[in-house]
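>>> give me coordinates for this.
(2 chains)
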Amino acid sequence: GDSVTQMEGPVTLSEEAFLTINCTYTATGYPSLFWYVQYPGEGLQLLLKATKADDKGSNKGFEATYRKETTSFHLEKGSVQVSDSAVYFCALSDLSDTGKLIFGQGTTLQVKP
Amino acid sequence: DARVTQTPRDKVTEMGQEVTMRCQPILGHNTVFWYRQTMMQGLELLAYFRNRAPLDDSGMPKDRFSAEMPDATLATLKIQPSEPRDSAVYFCASTGTLYNEQFFGPGTRLTVL
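Numbering: from 1, shown residues only, chains lettered A, B, ... in the order given. Next up is the predicted model:
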């Protein structure tokens, strides 16, 4: 079945460092791809999305490009801030029209001043 | 600013008691999801509804959990009787968009003593 694999955390970076969180997926078709962020004590929030191959989603300085050839959707940010400390989830949409999302296990990012 | 709302935000109860959690999806969204999040298991899909009808509740322990949508503006998740292993954060999410992006509520933190 469809699945999402994220790099294991925690990821610890210093402020202003470059961030990459790897995400690869397995799907029979061409699903939409998402990154969600969960700040401490809160629910998941949509960070960005891409709906077809080669699309680049971007928001708040974060970017991810839908790479069909490598089945990847890696999250990047050029300069992280302490306020970016959170758990990041990669997800893909179920193509069976149920509205379901398949989530990765989440990657914790800790940014130190 | 349309949001998913959940009540209560926090619930502490004793083993054996009934617990009811409520969710108000975003107006116009026709699909509602219940998730459970724990440190050990991560994010688990419990059940979901489309147009108030249950599509899948295979993620729920059938003997003690039940989920309903009495109307389009209210989804409920009930645990009876509750057990300490049910302690978790329970999230509701809704979608009605073309690309299945889900919008999450703030969660109900349940502690069963």
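>>> OK, contacts around residue A:6?
Residue A:6 makes contact with A:21-23, A:88-90, A:104-107, according to C-beta atoms under 8 Å, 6 or more residues apart in numbering or on different chains. Where you see a C-beta, it was placed from the backbone N, CA and C, and this is true even at glycine.
>>> show me what from chain B comes close to chain A.
B:4, B:31, B:33, B:42-43, B:45, B:48, B:50, B:55-56, B:91, B:93, B:95, B:99-107 (C-beta under 8 Å from any C-beta of the partner chain).
>>> in a helix, residue A:83, correct?
Yes: membership of residue A:83 in a helix is supported by DSSP: H, G, I helix; E, B strand; the rest coil.
>>> once you drop chain neighbours, what's closest to it?
residue A:111 (7.9 Å; C-beta to C-beta, 6 or more residues apart in numbering or on different chains).
>>> for that neighbour, give me its contacts.
Taking C-beta under 8 Å, 6+ apart, we find residue A:111 in contact with A:12-15, A:17, A:80-85.
>>> lowest average confidence, helix or strand, in chain B?
In chain B, the helix or strand scored least confidently by mean pLDDT, DSSP states H and E is strand B:53-56, which has a mean of 89.
>>> elements contacting that one?
Judged by 3 or more C-beta pairs under 8 Å, 6 or more residues apart in numbering or on different chains; DSSP states H and E, strand B:53-56 is in contact with strand B:42-50.
>>> residues contacting residue 36?
Picked chain A for this. Residue A:36 touches A:44-47, A:88-89, A:91, A:103, B:104, counting by C-beta under 8 Å, 6+ apart.
>>> think we crossed wires, I meant chain B
The neighbours of residue B:36, taking C-beta under 8 Å, 6+ apart as the test, are B:43-44, B:46, B:88-91.
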